[in-house]
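Visitor: Here is the input, now give the coordinates:
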Amino acid sequence: MPNPTNEIVAALEREWPRWQVWVVHRAVGGPVWCARRWNDHGQVLNADSATELAEQLEQVATGDRD
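Guide: Residues are numbered from 1 along each chain as shown. Model prediction:
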């Protein structure tokens, strides 16, 4: 049976091929969606949802993120 989370991670990585995407499943507080550039492990994005992570990736791509 396919895992919907893995499918979302794969879709984000297809849309953002320069970024590694993963999910941290916490015991308390729900999942954290994470991403970092394959060539720069210094900057890590964290979000409460896949949608929020996609928004952050878009902001980084357009240079709007601090």
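Visitor: Next, residue 3: phi, psi?
Guide: Residue 3 adopts backbone torsions of phi -100, psi 120, taken as degrees, to the nearest 10.
Visitor: ditto for residue 56
Guide: When read as degrees, to the nearest 10, the backbone of residue 56 gives phi -60, psi -40.
Visitor: Ok, residue 38 next?
Guide: Backbone torsions of residue 38, given as degrees, to the nearest 10, read phi -60, psi -30.
Visitor: Could you do residue 35 as well?
Guide: phi -150, psi 150.
Visitor: need the contact list for it.
Guide: Neighbouring residues of residue 35 by C-beta atoms under 8 Å, 6 or more residues apart in numbering: 12, 16, 19, 20, 21, 22, 44, 45, 53, 56, 57. Where C-beta positions appear, they are placed from N, C-alpha and C, glycine not excepted.
Visitor: what sits against the fourth one?
Guide: So that's residue 20. Contacts of residue 20 by C-beta under 8 Å, 6+ apart are 13, 35, 36, 37, 38.
Visitor: Farthest from the middle of this structure: give me that residue.
Guide: Residue farthest from the centre of the chain, counting by C-alpha atoms, centre = their mean, is residue 1 at 22.8 Å.
Visitor: How much space separates it from residue 7?
Guide: Distance of residue 1 to residue 7, computed by C-beta to C-beta, to the nearest Å: 11 Å.
Visitor: for residue 56, same thing?
Guide: Counting by C-beta to C-beta, the gap from residue 56 to residue 7 is 20 Å.
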